[in-house]
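> Pasted the sequence and its predicted model underneath.
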Number of protein chains: 2
Amino acid sequence: MIEASICTIGDEILIGQIVDTNSAAIARSLEEIGIKVGRTLSIGDDRGEIIGNLENELRISNIVISTGGLGPTKDDITKSALAEMSGSDAYVENPVQMEIIHDILRSRGLDILDINKAQALVPDTCEVIPNRLGTAPIMVFRFPEEKFGHPATLYSLPGVPFEAIGALPDVIEDIKNHNSLTDIFHKCVMVAGLAESALSKLIEPWEDSLPEDMHLAYLPNQLTGVRLRLSIYGGNKEDEERRIDERFAALQPILGDKIYSYSDDTLQNAVGALLRGTGKTLSAAESCTGGMISSLITSVPGASEYYLGSVTSYAVAVKEAVLGVGHDVVETYGVVSSEVAAAMAEGVRKLTGSTYSVATTGLAGPAGDERNPVGTVWIGVSGPHGTTTARRVYKNDRKRNIERFTSAALDELRLYILQDSKS
Amino acid sequence: MIEASICTIGDEILIGQIVDTNSAAIARSLEEIGIKVGRTLSIGDDRGEIIGNLENELRISNIVISTGGLGPTKDDITKSALAEMSGSDAYVENPVQMEIIHDILRSRGLDILDINKAQALVPDTCEVIPNRLGTAPIMVFRFPEEKFGHPATLYSLPGVPFEAIGALPDVIEDIKNHNSLTDIFHKCVMVAGLAESALSKLIEPWEDSLPEDMHLAYLPNQLTGVRLRLSIYGGNKEDEERRIDERFAALQPILGDKIYSYSDDTLQNAVGALLRGTGKTLSAAESCTGGMISSLITSVPGASEYYLGSVTSYAVAVKEAVLGVGHDVVETYGVVSSEVAAAMAEGVRKLTGSTYSVATTGLAGPAGDERNPVGTVWIGVSGPHGTTTARRVYKNDRKRNIERFTSAALDELRLYILQDSKS
């Protein structure tokens, strides 16, 4: 099996100024094509450290992907360290990247300085994959077997996540072209409304019946639920994907509508997919979630086709005056109640004239109240077939409770619309 | 100088399933007490890998902090690897942690199983720092000089970020108690409304006049602006902090109200600090920011004291019907205009009866419109002294544009309230 290492370069990671998100994105792409990441490493902008650590990783792994240290300023020394490491004493200009540099600076209305032009210069020991999203090209160093005891390739990517992640498809393509990889076939389903442990218990018989050559992975996420992925190594794409589809078909009767997508997806996207093209619309009323439901719904490009808007009614007075929640309802049942969740959902639906609406009222923390423990949320969903409510209780801190409330509300909304579109 | 390594353990990082946020949090805490992190490393749940890599790091660094692999299930093998590595053949029960385990499970209404109890067992070669937020204790292994060529200490923390970060203060305290660290004094100011490069240019003369023993760091963040930090190694706390304060006092006339805090802070907190205890209140009207302003304001515990709520008016009809933005205003000036931003701010202020309000209307992407390029936002702020608007244009992708819009809107709001409270 081909092994890889990932190495991020930059002092800003070692002082904790930024969280390294590149490694996870790269690891995920490599894992998808069946390459095992043995370890990831973060090191500083120090020539000796860069050379020493990269050489060490190239001894362990066939593929090393580094990010960072390619900026135009003096403290970015990765390129010259790589030149030294690969025995280059001459830089050559890459014309494709030079053109991109010109385009980028022109579009920003900036003059092209010598330090910008220098970014198109690369050691003559490397190949270049152009970076269309930034000025520093991707450098590919292929080392002969005798250098590290096995064929080894180093890909040097820029550190800016937007650029590094943008370059990944080309890098993965290059890896596939230069290595005889066993084909690997994945398909996944997204499951909402079940914790990993409960899901695992529920599908145990199905899981036990999987053939030996199929591998199941549970990939849980706070906001999007659990992604279940089936993988097969080797074989014929059409046949293997059909075999996976058959297994997922057998899973459907067990999980039903808890499956919300057959590709890597989010709940806000699934809601959008149910509404897009139907002419139906959506609104939200948020209390404890404070705007996060609306924020996620509008993170989907094109949401303006079906999303009308929301009211965050943090104060009781806004619940009453803007959403029309009855003062007596709040008095009788308390703010965190089924009745208030329902009235909020109905209120925002009336206010905006939307087909559907979702509402939340709860206690994210730090404190509960006399009626409900901290972590309680009431969710209301309203639409042409009436209003439904649901209560959930989570045991997290404030930040994570808000995320769980949001995810649960989007899922209740999805189930309502789904039910409605079937009837 | 004492050097440290950070090592996160767990297959889920190497397949890219989760982003490692622990390393940045730990690195930041170490940096604050003047300990240099030489590198960080992520490895899988493999006994050989764990022992080999940790021993290697202990040879390089005096302090190694690991997280992860301490769960109750079979695939978490860090503890037994550490027992082997430290030459332990006996486990002892830690009574403090056992009590915490009982408390945690009782509060969740769960029975205590043998695998839960086993978490209070630790190798007899380690000391324990109790983990008050979870079931797995922090293990501290102090190795004699002869083992790795220098005194070396390994701290093994749980992998759950909430628990790892919660344990950090105790770990840092232990490091301070067992090492003769040079005192390091930091103070910082938070600066909003200036990009790092513009800020750097503006304060160049001030920066050049800093004494040799003061170190300046620029720590930029998309949502909170630039954190400027001055550090001094060694000396007397009172004297050095006074010297730093004097330098910041000299910075004040240059940056004025662009400085929003003299501690590590956020814009939503700064806004809250201006409102708390004044009886004044706040509301928001969001279009392109989709709920993120409201979400950030409500992320501050206790925001309900001053925050009434918001309207996300994604559809023009909601801008008109709920916020009372004139149809003719939209027709004449376009949705993304100073006039609509002002009308939205005034509308939500009237609707909720708040003292202040903030509004956004813009184009986050992917596309612009005939009047404005993508990345344009108009911000409106309204209050007792009238309504002001501001236009900003950013060149990022949709997600980052929304963040920049949000940050700029919170800053405009802050400046308005500040001005208002001075007059």
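In hand now; what should we look at? Predicted model, so just to flag it, every value in this text is computed and none were measured.

> quick one: contacts for A:A270?
A:A270 is in contact with A:M190, A:Y260, A:S261, A:R414, counting by Cβ atoms under 8 Å, 6 or more residues apart in numbering or on different chains. All C-beta atoms are positioned from the backbone trio N, CA, C, and that covers glycine.

> got the residues of the stretch 51-200 of chain A near chain B?
Residues of the stretch 51-200 of chain A lying near chain B by Cβ under 8 Å from any Cβ of the partner chain: A:N53, A:R108, A:F162.

> who's in contact with the closest residue in space to the first one that isn't next to it in sequence?
Once flanking residues are discounted, A:N53 sits nearest to A:I43: 5.1 Å by Cβ to Cβ, 6 or more residues apart in numbering or on different chains. When contacts are counted by Cβ under 8 Å, 6+ apart, A:I43 is found next to A:C7, A:T8, A:I9, A:L14, A:E49, A:I50, A:N53, B:G38, B:R39.

> Report the buried residues of stretch A:382-397.
A:S382, A:G383, A:T387, A:T388, A:T389, A:A390, A:R392, A:Y394, A:N396, A:D397 (16 or more other Cβ atoms under 10 Å in any protein chain shown).

> Can you get me the start-to-end distance on it?
29 Å (Cα to Cα, to the nearest Å).

> Show residues contacting it.
Under Cβ under 8 Å, 6+ apart, the answer for stretch A:382-397 is A:338, A:341-342, A:345-346, A:349, A:355-359, A:365, A:373, A:375-381, A:400-401, A:404-405, A:408, A:412, A:416-417, A:419-420, A:423, B:108, B:162.

> ok, of the contacts of A:A270, which one's closest to chain B?
The closest of the contacts of A:A270 to chain B turns out to be A:M190 (Cβ to the nearest Cβ; 14.3 Å).

> Tell me the predicted confidence for the closest one.
Note for A:M190: predicted pLDDT of 97.

> How many residues are close by it?
By the measure other Cβ atoms under 10 Å in any protein chain shown, the count of residues near A:M190 is 23.

> re the thing from before, tabulate the contacts of A:I43 in TSV, adding columns for neighbour count and distance to A:S313.
Shown next, in TSV, are the contacts of A:I43 (neighbours: other Cβ atoms under 10 Å in any protein chain shown; distance: Cβ to Cβ, whole Å):
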residue	neighbour count	distance to A:S313
A:C7	26	49
A:T8	26	43
A:I9	27	48
A:L14	25	44
A:E49	15	54
A:I50	24	54
A:N53	21	53
B:G38	18	51
B:R39	21	49
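
> Show me these that map onto strands.
Counting by DSSP state E, the contacts of A:I43 place A:C7, A:T8, A:I9, B:G38, B:R39 in strands.

> just the residues you listed now: which is nearest B:G334?
Nearest to B:G334 out of the ones in strands among the contacts of A:I43 is A:T8 (Cβ to Cβ; 43.3 Å).

> My guess is the closest one contacts A:T40. True?
Yes - taking contacts as Cβ atoms under 8 Å, A:T8 lies within contact range of A:T40: 7.5 Å.

> quick one, strands of the stretch 251-400 of chain A?
Using DSSP state E, counting those that start in this stretch, the strands assigned to the stretch 251-400 of chain A run over residues A:259-261, A:282-286, A:307-313, A:356-362, A:376-383, A:386-393.

> what residues do A:T8 and A:T40 have in common as contacts?
A:S23.

> Now that we're looking at A:S197, what pLDDT does it have?
So A:S197 comes in at 81 (pLDDT).

> hang on, the earlier thing: show the buried residues in the contacts of stretch A:382-397.
By 16+ other Cβ under 10 Å, these give A:338, A:341-342, A:345-346, A:349, A:355-359, A:365, A:375-381, A:400-401, A:404-405, A:408, A:412, A:416-417, A:420 as buried.

> quick one: stretch A:253-267 to chain centroid distance?
The chain centre lies 17 Å from the centre of stretch A:253-267; the measure is Cα atoms, centre = their mean, to the nearest Å.

> ok, now stretch A:17-33?
11 Å.

> Please point out which parts of that stretch sit buried.
A:17-20, A:22-31, A:33.
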